[in-house]
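# below are the sequence and a predicted model; questions follow.
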Amino acid sequence: MKVKLAISPEILEDLVTIEAQAMSEQITNLVAYVQNLDKQTSRLTVKKGEQVYLLEHGEIVRLYLEDKVLQVETVGDSFTSNLRLYQVKEELPVNFLQISQSEIIHIKQLDHLKLTANGLVKLVMKNGSVTYSSRRYLKSIKERLGL
């Protein structure tokens, strides 16, 4: 993939142009990434008891719903958030992957995975936690992980 950059004081507004022979997953991901650049924050506000913390996205292992409350798991701790899963998903960088309707994982925190006989994916995270994907998200998981 070639990259061309033009800098000029005469340009009134930044514009990114992508030229491709055909639409591909790589192009789709690139478009989504560029569109979300200005929206992304690098921290998530979470709570543990009465204390409020600002977590860097890189610290997050997975986010999941438990009793309609968003749980945020890190390598060594667990927090809660008042936000909804879809709200957090919009703010997360591209190295996060939704594996079910109620869970998102950080791909860089994934240790290994195993395809089960019943069509699910068993995901083992680097901190030792184990989770399973839903069949509905199986295709997107395989595409993102190159399976």
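In hand now; what should we look at?
# and the helices in this protein, which stretches?
25-36, 85-91, 138-145 (DSSP state H).
# I'd like to know which helix or strand in the protein has the lowest mean pLDDT.
helix 25-36 (a mean of 80; mean pLDDT, DSSP states H and E).
# quick one, that helix and helix 138-145 angle?
If you take axes from the mean of the first three to the mean of the last three Cα atoms, to 10 degrees, helix 25-36 sits at 90 degrees to helix 138-145.
# which stretches of this protein have low pLDDT?
For the chain, the stretches with pLDDT under 70 are 38-41.
# strands of that one, residue ranges please.
43-48, 51-56, 60-66, 69-74, 78-81, 96-100, 103-106, 110-115, 121-125, 130-132 (DSSP state E).
# can you redo these as JSON lines with distance to Gln35?
(C-beta placed from N, C-alpha, C; glycine too.) Formatted as JSON lines, the strands of the chain follow (distance: least, Cβ to Cβ, whole Å):
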{"stretch": "strand 43-48", "distance to Gln35": "20"}
{"stretch": "strand 51-56", "distance to Gln35": "22"}
{"stretch": "strand 60-66", "distance to Gln35": "21"}
{"stretch": "strand 69-74", "distance to Gln35": "24"}
{"stretch": "strand 78-81", "distance to Gln35": "24"}
{"stretch": "strand 96-100", "distance to Gln35": "16"}
{"stretch": "strand 103-106", "distance to Gln35": "19"}
{"stretch": "strand 110-115", "distance to Gln35": "25"}
{"stretch": "strand 121-125", "distance to Gln35": "27"}
{"stretch": "strand 130-132", "distance to Gln35": "28"}
